[in-house]
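This is a predicted model, with the sequence first.
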Amino acid sequence: MNCPRCHSIPRISQNNGNMIISCAVKELAEKMVEFLNRHQLAFQREDSRTLYVKIVNFKTIIDQLCHEHFTSAVQREGITVLFLDNGEKLTAEKIKYIKTLQQYYDLIKAQKLISLIDNHALTTYFQPIVDIPNNSIYGYETLCRGVDDDNSLISPSLLFEWARQADMLFYLDRECREMSLKTAAVKNIRAKVFINFIPTAIYDPHHCLQSTVKWANQLEFDPKNIIFEVTESERVEDIDHLKDILDYYKSQGFMIALDDIGSGYSSLNMVAKLQPDVIKVDRELIKDIHENSMNQSVFCAINQIAKDNGTLVLAEGVEKSEELRFCAEHGADLAQGYYFGRPNGEPLRKL
């Protein structure tokens with residue numbers, strides 16, 4: 001299987017050509033005809049809801065449709081568009097390129113994100129992860145930010161919101177993984193490097209992850225020093241697919257971590273099925289754990305399951321010495337949080 005998403009970022013063509021427009025209802029088709037007549041665009045009606053339009057600069061027309069004429073998301077969802085370059089014929093293969101007008105609208109809004117990815121305008125921050133028994137740096141979680149034109153930082157939450165809206169999670173997730181590896185190599189980090197990835201953005205690991213594996217090998221990382229961390233595990237509906245992804249990483253010699261354990265009813269089931277090397281206990285469980293008997297019980301249960309299966313336990317979100325002390329006394333192997341250091345462009349080398 002060859003995944004076309006692995007090769008090129010989706011873009012809106014600026015070529016001349018033909019649009020095939022299908023409207024969900026006749027009323028939308030009539031509104032489309034009104035737009036075409038106003039802009040003096042030649043068109044043919046294939047039926048009451050389908051139009052064939054000859055256009056100059058597809059991107060300009062899409063922008064006008066989205067921002068001038070169909071300003072409602074409901075209307076944009078009811079219109080599908082297929083663009084064919086001049087001389088290009090309609091074939092079965094072209095069907096996969098059909099998009100709703102709303103999808104094009106989201107893609108227009110994602111132009112800044114596309115520019116950031118094109119220009120590799122992401123930067124990587126490092127947050128230390130501490131080996132509790134040895135009181136030393138075990139590794140770092142890598143966290144990406146965007147770099148705007150004025151050198152201000154764009155938060156990861158905003159980057160991923162843009163990516164979700166434009167169906168570009170795969171491209172942003174891949175760029176972040178590869179930027180994390182490259183920056184860790186530049187910083188000469190030889191400790192463990194935790195790299196986040198979103199499993200729902202990956203279709204076939206053998207194709208979608210090959211460039212990440214290539215960079216890890218090319219930069220001469222010891223695979224056991226790379227820990228791929230599953231984020232947004234609560235969004236995963238196909239556990240078998242996630243297991244395929246993790247098995248692929250493991251087959252390449254990498255380690256696996258699961259995030260936010262203890263935050264949902266299904267998380268322990270995922271631990272049992274996926275058998276990670278590291279589990280990160282959710283920060284909400286760690287917060288003031290020294291004063292919360294219920295959270296203490298949950299933590300101890302998670303820790304016992306991990307110990308029985310040879311899995312390392314990482315306490316996430318540690319901000320107080322009392323939280324660290326409880327976690328250390330009750331079996332946590334690793335800890336991470338502002339108590340040790342905030343994410344920074346320069347990795348903390350020692351405590």
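That came through, no problem.

Enumerate the positions of stretch 170-188 that are buried.
170-181, 183-185, 187 (16 or more other CB atoms under 10 Å). In short, each C-beta sits where N, CA and C put it, glycine included.

Identify, from those, the entry nearest to residue 57.
residue 171 (24.3 Å; CB to CB).

The closest one sits in which helix or strand?
Here residue 171, judged by DSSP states H and E, is contained in helix 169-186.

For residue 272, see how far away residue 227 is.
Taking CB to CB, to the nearest Å as the measure, residue 227 falls 20 Å from residue 272.

Contacts only, for the residue nearest to residue 345 when sequence neighbours are not counted.
Excluding the flanking residues, the one nearest residue 345 by CB to CB, 6 or more residues apart in numbering is residue 125, at 5.7 Å. By CB atoms under 8 Å, 6 or more residues apart in numbering, residue 125 lies in contact with 142-145, 343-345.

Now the two most distant members of these.
So, the contacts of residue 125 by CB to CB: farthest apart are 144 and 344, at 13.4 Å.

List only buried entries from the contacts of residue 125.
Burial by neighbour count, judged by 16+ other CB under 10 Å, picks out 142-145, 343 from the contacts of residue 125.

Phi, psi for residue 23 please.
Dihedral pair for residue 23: phi -110, psi 140, per degrees, to the nearest 10.

wait, it sits on residue 77?
No: proximity of residue 23 to residue 77 does not meet the contact threshold set by CB atoms under 8 Å, at 11.1 Å.

Compare these two (neighbour count), which wins?
Shown here are residue 23 and residue 77; by other CB atoms under 10 Å, residue 23 has more neighbours (21 against 15).

how far away is the more buried one from residue 138?
According to CB to CB, residue 23 and residue 138 sit 57 Å apart.

Same question for residue 191.
From residue 191 across to residue 138, the span is 7 Å (CB to CB).

correct me, but residue 244 touches residue 205?
Yes: taking contacts as CB under 8 Å, residue 244 lies within contact range of residue 205: 6.1 Å.

Name the residue in those two with the higher neighbour count.
Taking other CB under 10 Å, residue 244 and residue 205 do not tie; residue 205 has more neighbours (21 against 15).

which residues does the more buried one contact?
244-245, 248-249.

repeat that for 10 Å
Contacts for residue 205 (CB atoms under 10 Å, 6 or more residues apart in numbering) come out as 199, 212-213, 241-242, 244-249, 251-252.

can you check residue 8 too?
By CB under 10 Å, 6+ apart, the neighbours of residue 8 are residue 171.

returning to that earlier point: what do residue 23 and residue 77 both touch?
What both residue 23 and residue 77 touch, as defined by CB under 10 Å, 6+ apart, is the set residue 101.

per-domain residue ranges of this structure.
4-109, 121-336 (automatic domain parsing).

How far does the shortest one sit from its chain's centre?
If you compare the mean C-alpha spot of domain 4-109 with that of the full chain, they lie 28 Å apart, counting by CA atoms, centre = their mean, to the nearest Å.

same deal with stretch 331-347?
22 Å.

same question, stretch 104-111
Worked out by CA atoms, centre = their mean, stretch 104-111 lies 17 Å from the chain centre.

cool, and stretch 146-160?
15 Å.

Check which residues of it are buried.
Those would be 146, 154, 156, 159-160, for stretch 146-160 by 16+ other CB under 10 Å.

Count the residues that sit near residue 141.
Residue 141: 24 neighbours (other CB under 10 Å).

and the residue lying closest to it once chain neighbours are set aside, helix, strand or coil?
Distances taken as CB to CB, 6+ apart place residue 194 nearest to residue 141, at 4.2 Å, with adjacent residues excluded. State at residue 194, reduced to three classes by DSSP: H, G, I helix; E, B strand; the rest coil: strand.

circling back: for the helix holding residue 171, list the C-alpha coordinates in CSV.
Once non-C-alpha atoms are left out, helix 169-186 reads as follows in CSV (Å, rounded to 0.1, in the frame of the first residue of the first chain):
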residue,chain,number,x,y,z
LEU,A,169,-2.5,16.5,11.3
PHE,A,170,-0.2,14.0,9.5
TYR,A,171,2.0,16.7,8.0
LEU,A,172,2.4,18.7,11.2
ASP,A,173,2.9,15.6,13.3
ARG,A,174,5.6,14.3,10.9
GLU,A,175,7.4,17.7,10.8
CYS,A,176,7.4,17.9,14.6
ARG,A,177,8.8,14.3,14.9
GLU,A,178,11.6,15.0,12.4
MET,A,179,12.4,18.5,13.8
SER,A,180,12.7,16.9,17.3
LEU,A,181,15.2,14.4,16.1
LYS,A,182,17.3,16.9,14.1
THR,A,183,17.4,19.4,17.0
ALA,A,184,18.3,16.7,19.5
ALA,A,185,21.2,15.8,17.3
VAL,A,186,22.3,19.4,17.0
